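Q: Okay, sequence plus prediction incoming.
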Amino acid sequence: MVYAVDRGIGQLVNAIQEAELFDHTLIAFLSDNGGKMGAGANNAPLDQGKRSICEGGIRVPMFCHWPTKVAAG
């Protein structure tokens with residue numbers, strides 16, 4: 001899945017670059033919160049999963065890229 005996401009974001013970035021909009025486009029990526037424990041998900045090393053107030057239920061991966069507006073780091 002990580003490979004598929006990486007490939008998809010790469011295609012998006014290439015299309016934005018070809019349209020010469022890369023430096024002026026906000027790219028925001030985020031995912032759903034933790035996996036559903038009853039459906040076989042493993043959120044280790046985080047505790048619990050969906051519908052939980054523990055880390056495994058609330059932590060969400062995210063990044064933003066907007067080079068002309070937000071400095072790296």
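A: Great, that's in hand. Since the structure is predicted, the reported quantities are computational estimates derived from the model, not experimental observations.
Q: CA atoms for contacts and neighbours, from now on please.
A: Will do.
Q: for the chain, longest helix please?
A: The longest helix of the chain (DSSP state H) is helix 2-18.
Q: Check the offset of that one from the chain's centre.
A: The chain centroid and the centroid of helix 2-18 are separated by 13 Å under C-alpha atoms, centre = their mean, to the nearest Å.
Q: list the buried ones in it?
A: Buried positions in helix 2-18, judged by neighbour count with 16 or more other C-alpha atoms under 10 Å: 13, 16.
Q: Quick check, Arg59 in contact with Asn33.
A: Yes - Arg59 lies in contact with Asn33 (C-alpha atoms under 8 Å); the separation is 5.9 Å.
Q: Between these two, tell me which one has more neighbours.
A: More crowded of Arg59 and Asn33, by other C-alpha atoms under 10 Å: Asn33, with 18 against 15.
Q: Find the nearest non-adjacent residue to Thr25, please.
A: Excluding the flanking residues, the one nearest Thr25 by C-alpha to C-alpha, 6 or more residues apart in numbering is Trp66, at 6.0 Å.
Q: Near the one you found, how many residues? Count them for me, please.
A: The burial count for Trp66: 15, using other C-alpha under 10 Å.
Q: Show me the beta-bridge partners of the spatially most central residue of the chain.
A: Centre of the chain computed as the mean C-alpha position; nearest residue by C-alpha atoms, centre = their mean is Leu30, 3.3 Å away. Counting by DSSP bridges, Leu30 forms beta bridges with Met62.
Q: Could I get the average pLDDT for stretch 4-19?
A: Taken as a whole, stretch 4-19 carries a mean pLDDT of 95.
Q: Pull the residues that contact it.
A: The contact list for stretch 4-19 (C-alpha atoms under 8 Å, 6 or more residues apart in numbering) reads 22, 25.
Q: ok, 6 Å please
A: Contacts to stretch 4-19, defined as C-alpha atoms under 6 Å, 6 or more residues apart in numbering, come from residues Phe22.
Q: Now Cys64. Its backbone dihedrals?
A: Phi and psi for Cys64, reported as degrees, to the nearest 10, are phi -130, psi 150.
Q: State the distance from it to Ala71.
A: 11 Å (C-alpha to C-alpha, to the nearest Å).
Q: Understood, closing this out.
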